[in-house]
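Visitor: give the three-dimensional model of this entry:
(2 chains)
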Amino acid sequence: MKHKYIDNFNPHVETLNRGHEDFLCKFHSENFAFDSFIRQEAFSYVNDGEGVTRLVFDKIDENHKNLIAFYTLAATSIPFISRIKINNNEGKIRGIRARFKKEYDEKICGISAIEIKMFAVDKNYQDMFYKMKEYDMPVSAWVFQSILNEIIGMSNESIGAKAVFLHSVREAEDFYRKNNLVFIEKNMVPLHSDDDELSAMYFRLPDKKIDMCYDK
Amino acid sequence: MKHKKENANNKSEKKTKKKEDKNMAVLAKPSNKIVIISADKSKKFVKDFNNNNPSKKFLDSCKTAGELFKRGK
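Guide: A predicted model of the protein is given here:
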């Protein structure tokens, strides 16, 4: 299948502010919820601590630029359970085993992560490819990998994190798999679910690992 | 975890599910849930996580994307 290519691609990122409102009206992802979010909710997201939105522009010339994508980042945590067997002596001293008949001490721990809460690309840049050096990728992949690169930098310079986390719409799962994201297994049960169609996926930030105690 | 009232955004997400099936422009959206990994799955999850270090090839690709964005500033 022959792809459409963009010859000149000069992207940069700006943090959403009120000066961008004209651009927001012209952004069309062809999804009402996302277009509504960027025009109406993104500003309150910042005020409420829900997420910070960044806009991706393609510079056409000195006086013109197109809003081609946006993404919203927030701090989060992926909880998991750490489990340590209570040894006999400790159990007796603490009285835990006697009182609670507990064999294991389980604690909920968290994997620090940056969540990509929203990510949408304008319809005019859908299925558009760009080639640079030996890399020939869709524009959406260029944008997404720049987001990962940005978060990798953040995790080394400004805020600790072990992973990137997001909820993928079904149609984008392949896209994220090709961009190195991994599914969190479905039987790792969420507390509640508003939308069973979304898949939780993560990307481990390079060289960050989890030290975990888990006794059988 | 703060429970949120269902808002207009969630209602509009439900209306547009069929539309979503037809285009790739929307790639991720928030969900009012916490994923918690159960005790019996935690060990496997952590082992898989620690084995999933991204490859140098992929990281180089991400770096190149970063360079592209710096160039465009």
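Visitor: by contact count, what packs against the longest helix seen in chain A?
Guide: Across chain A, the helix with the greatest residue count (assigned by DSSP state H) is helix A:139-157. Taking 3 or more C-beta pairs under 8 Å, 6 or more residues apart in numbering or on different chains; DSSP states H and E as contact, the helices and strands that helix A:139-157 lies on are strand A:11-15, strand A:64-85, strand A:104-121, strand A:128-132, helix A:173-178, helix B:56-71. In short, each C-beta sits where N, CA and C put it, glycine included.
Visitor: and A:K107, how many neighbours does it have?
Guide: The local packing of A:K107 (other C-beta atoms under 10 Å in any protein chain shown) involves 11 other residues.
Visitor: who are the contact partners of it?
Guide: With contacts defined as C-beta atoms under 8 Å, 6 or more residues apart in numbering or on different chains, A:K107 is in contact with A:I81, A:S82, A:R83.
Visitor: was I right about the second one contacting A:I111?
Guide: What it means is A:S82. No. Counting by C-beta atoms under 8 Å, A:S82 does not reach A:I111; the two are 11.0 Å apart.
Visitor: quick one on the thing from earlier: next SSE downstream of the longest helix of chain A?
Guide: Past helix A:139-157, further along toward the C-terminus, the next helix or strand under DSSP states H and E is strand A:163-168.
Visitor: quick check, that next one touching chain B?
Guide: Yes. On the criterion C-beta under 8 Å from any C-beta of the partner chain, strand A:163-168 is in touch with chain B at A:A163, A:L166, A:H167, A:S168.
Visitor: tell me the confidence at the second one?
Guide: In this case it means A:L166. pLDDT, A:L166: 89.
Visitor: ok, the first one next?
Guide: Each residue has a pLDDT score; the one for A:A163 is 92.
Visitor: contacts only, for it.
Guide: Neighbour list for A:A163: A:I78, A:I111, A:S112, A:A113, A:I114, A:Y202, A:F203, A:R204, A:L205, A:K208, B:F49 [criterion: C-beta under 8 Å, 6+ apart].
Visitor: any idea what it is bridged to?
Guide: For A:A163, the beta-bridge partners are A:A113, A:R204 (DSSP bridges).
Visitor: again, but for the last one
Guide: Here A:S168 sits in beta bridges with A:S199, B:A28, going by DSSP bridges.
Visitor: what pLDDT does the model give the most centrally placed residue in chain A?
Guide: In chain A, the residue lying closest to the centroid (C-alpha atoms, centre = their mean) is A:I116, at 2.6 Å. On pLDDT, A:I116 comes in at 94.
Visitor: so who does it touch?
Guide: Neighbour list for A:I116: A:Y71, A:T72, A:L73, A:I147, A:V164, A:F165, A:L166, B:A28 [criterion: C-beta under 8 Å, 6+ apart].
Visitor: rerun at 7 Å
Guide: By C-beta atoms under 7 Å, 6 or more residues apart in numbering or on different chains, the contact set of A:I116 is A:Y71, A:L73, A:I147, A:V164, A:L166, B:A28.
Visitor: for A:L24, same thing?
Guide: Each residue near A:L24 by C-beta under 7 Å, 6+ apart is listed here: A:I38, A:R39.
Visitor: between the contacts of A:K107, which is nearest chain B?
Guide: Set against chain B, the nearest of these by C-beta to the nearest C-beta is A:I81 (4.2 Å).
Visitor: bridge partners for the closest one, pull those for me.
Guide: Assigned bridge partners for A:I81, using DSSP bridges, are A:I108.
Visitor: cool, and the one 4 residues further on?
Guide: Going by DSSP bridges, A:K85 is paired in beta bridges with A:Y104.
Visitor: I'd assumed A:E106 was in contact with it.
Guide: No. Using C-beta atoms under 7 Å as the test, A:K85 is too far from A:E106 to be in contact (10.4 Å).
Visitor: Three-state assignment for A:D7, please.
Guide: Counting by DSSP: H, G, I helix; E, B strand; the rest coil, the backbone at A:D7 sits in coil.
Visitor: check what pLDDT it gets.
Guide: What the model reports as pLDDT for A:D7 is 90.
Visitor: and for A:D35?
Guide: As predicted, A:D35 sits at a pLDDT of 91.
Visitor: next up, phi/psi of it, please.
Guide: Here is the backbone geometry of A:D35 (degrees, to the nearest 10): phi -60, psi -40.
Visitor: that one contacts A:K26, correct?
Guide: No. Contact criterion C-beta under 7 Å: A:D35 and A:K26 do not qualify, at 10.4 Å.
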